Each structure stands twice: as C-alpha cells, then as structure tokens.
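Peer 1: sequence? don't have it. structure:
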C-alpha cells in the first residue's frame, strides 16, 4: 500500500512523511480509529515509506528493491502480527502460519475489518486473539539482525486482542527496543490495550474520512453519480467499509437485516418455536458474527426510533432498512427504546463472555416479546 491509496487523511500523511524525512521516528506508535478510516493501510504505507530507497516528497517510489518486496508483502524486515484462531490439527498456532491468507487479504482489500479477515480463515465459534505463543515469535524475529532496511518494522493489527502474557512481553520490548526497530500498532479499541503499553506509545488518532474526500473516492473508484455518492458518504459517517457495504448491500448486512426482521416478528406474535429456531441458527454463526449482529440490531433500533421524527437528515439507513422502517418504526418508542438497546447490549456482552449463544438469543427474544408491545 502507498499513501496515494489512502482516502483523505492528508494531515496524518504529511505528519508521517515529515517524521521519516527528518529521521524522527518514534519506536512505538499506536494508530487508532473507529473503523473504516484507513488506519491499517496508513501504517503499512508508512512502513513502506520508511524503508524506500528512493522516496519522493509525497510517497514511496514503487520500483526500488524494498518497494518490490513490499508489493509482495514479503520484505524480510517487515513482520506481521494479527488475531488468529488456533488450529492444532492443521498446526496453525502463530501468525506466520496464516501469512498466505493474510497477504491475500491485504492485496485484495485496502480497507477491511475483522469480519473480512475471519471470512478468510476457519473460525468456527472461537474468537480470534493474538495468543501468548506469539510473544516467542516476536522475540525471535526482533533478535535477528536487520537484513537490508533502515528500520525493522513490527506491524500489529488489533493489539486489544493480545493475550495478557503476550501484551506483557511486548511491553518489555517497547521499554527496551532493539536498535532501529519500529513497532506500529493499529487499534479500533485503544482503551482495551494494556494501559502501560498505551502510555509508552505515540498515539495517532485517525479520524473519520471527511465527506468531500469520501465523495471523491466513491465517484472515482465506484463510478457513482455525485449526488448518490454524497448520500452514501453521509450514511457511512466517514467509514469507507460501511460506504462500500451501503452500495453493495453486503451478504452480512442482508443476513443481519433478515434475522432482525425474523426476531422482531417472532417476538410480536410470540412464536416460541420460531425463537428457538432462530437461536439455533444464530448460535452456529460464530462468535464474531454474533457480536456484529447484535451491534447491528442496536443500530437498527436507534435508527427506527429516529425515523419516527420524519427528519431525513437524522437517518442513516440504506434503502432496504428504510423500507422495513416504514412498518416497524411505530413499535420503537420512548416507552421501550432504552430497554431494547439495553437488552441487546447485555446480550452482546454475554456473547463476549462466551455464554451459551443459543440461550443468549432465546432469552433475548423473550425479553423483546414484552418490550415490543409497550
């Protein structure tokens, strides 16, 4: 990835470029965003720029030996760490075991999230984390001599997923880093990163993409009409991943919307058999997808409540969601909206805590049965 591939974020790009040119490169940096703003491609473009042999005032050259290796994501001084699902049967226990899939994702998508990554690997009902064994791999890699670059780069995606043992060993590395080593971390929940790690890093807040940059990208890259691109940009709230999903109505979004409709209808007519069947279906969809579904439900409840005020500028639903809101919105009102959100939020927390998913979703449907009739 190059700086030219990142939508907007001109101030951050300039800050990173100047730090490289002046050789003022903090050894540990934490890029953080809400999602879809381009934090990971920025970090990867920065890593490329730091080690480019013929960099310009605005970007890496693209043709030096370092850049050619970065094109294949196979530079010997670039090391990746990311959440995985441990698979003992296939002997996949550390990040390097998943490198082919990881490189494939990075080459295919500039902007991605955890759901995209988990689609590339066999997750089952496990939750992706960075296991404690990864700390041994990190120590081994950073003990090697630098092969050919100015900087050895350790690029950690979602450090909030670090196992505590791994996080503590990483802290020791940050406190006493090997020479010419740069640790770049990219987080979507920086407050969940170990506090002592946070305090020892330079933090860069990657803000949501501004509207004009988003509109320009959608017109150029997705061939949208400017008026439609502006509407999509508003709905996405500066999140390019959400913008693309709004355009395409992704499989996950379509699945989530249909399951939300099913859950609300089952609760309204008190269809216990339907509630059990839906709980069974959702329990087999994997923990990350279950959390995403419950977050999506909370979003739809909020949007349907706002829909009642008949103010289009307050709504951020796509067309299928808005069509459903025509009939559903009257059932979300000031008497139940907060409790509906609260029940969905508690269910999401229970999923995170590995409570039996079938019980969580069935119990949720029962609570909604009472609330939806208020």
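Peer 2: Nice, I can see it. Since the structure is predicted, the reported quantities are computational estimates derived from the model, not experimental observations. Numbering: from 1, shown residues only.
Peer 1: Next, the buried residues of stretch 140-151.
Peer 2: Residues 141, 149-151 are the ones in stretch 140-151 that count as buried (16 or more other Cβ atoms under 10 Å). Where you see a C-beta, it was placed from the backbone N, CA and C, and this is true even at glycine.
Peer 1: could you give the mean pLDDT of it?
Peer 2: Stretch 140-151 shows a mean pLDDT of 88.
Peer 1: try stretch 113-123
Peer 2: 84.
Peer 1: Run through who's touching that stretch.
Peer 2: If you take Cβ atoms under 8 Å, 6 or more residues apart in numbering as the criterion, stretch 113-123 is touched by 35-36, 82-85, 87, 98, 101-102, 104-105, 109, 128, 158, 188, 241, 252, 286-289, 292.
Peer 1: Mind listing what's buried along it?
Peer 2: Neighbour-count burial for stretch 113-123 [16+ other Cβ under 10 Å]: 113-114, 117-118, 120-121, 123.
Peer 1: could I get those residues as JSON lines with secondary structure and distance to residue 234?
Peer 2: Supplementary listing: those in JSON lines, determined by DSSP: H, G, I helix; E, B strand; the rest coil; distance: Cβ to Cβ, whole Å:
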{"residue": "113", "secondary structure": "coil", "distance to residue 234": "20"}
{"residue": "114", "secondary structure": "helix", "distance to residue 234": "25"}
{"residue": "117", "secondary structure": "helix", "distance to residue 234": "28"}
{"residue": "118", "secondary structure": "helix", "distance to residue 234": "29"}
{"residue": "120", "secondary structure": "helix", "distance to residue 234": "31"}
{"residue": "121", "secondary structure": "coil", "distance to residue 234": "34"}
{"residue": "123", "secondary structure": "coil", "distance to residue 234": "33"}
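Peer 1: Just put those residues in a markdown table and tack on distance to residue 202.
Peer 2: Converted to a markdown table, the buried residues of stretch 113-123 look like this (distance: Cβ to Cβ, whole Å):
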| residue | distance to residue 202 |
| --- | --- |
| 113 | 24 |
| 114 | 24 |
| 117 | 26 |
| 118 | 30 |
| 120 | 31 |
| 121 | 31 |
| 123 | 33 |
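Peer 1: ok, which stretches of the stretch 151-300 of the chain are helices?
Peer 2: 164-175, 195-198, 211-222, 226-236, 240-248, 251-269, 272-283, 287-307 (DSSP state H, counting those that start in this stretch).
Peer 1: can you redo those helices as CSV with mean pLDDT and mean neighbour count?
Peer 2: Below are the helices of the stretch 151-300 of the chain laid out as CSV (pLDDT from 0 to 100; neighbours: other Cβ atoms under 10 Å):
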stretch, mean pLDDT, mean neighbour count
helix 164-175, 90, 17
helix 195-198, 92, 15
helix 211-222, 93, 17
helix 226-236, 86, 18
helix 240-248, 85, 20
helix 251-269, 89, 17
helix 272-283, 94, 17
helix 287-307, 88, 20
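Peer 1: Dump the ones you listed to TSV, plus distance to residue 16.
Peer 2: Shown next, in TSV, are the helices of the stretch 151-300 of the chain (distance: least, Cβ to Cβ, whole Å):
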stretch	distance to residue 16
helix 164-175	19
helix 195-198	20
helix 211-222	17
helix 226-236	24
helix 240-248	19
helix 251-269	32
helix 272-283	42
helix 287-307	30
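Peer 1: Which one, of those helices, ends up nearest to residue 57?
Peer 2: helix 211-222 (20.4 Å; Cβ to Cβ).
Peer 1: and the closest residue to residue 369 other than its chain neighbours, what does it touch?
Peer 2: Leaving aside its sequence neighbours, residue 369 sits nearest to residue 267 (Cβ to Cβ, 6 or more residues apart in numbering; 4.3 Å). The contact partners of residue 267, by Cβ under 8 Å, 6+ apart, come to 275, 365-366, 368-369, 372.
Peer 1: Much appreciated, bye for now.
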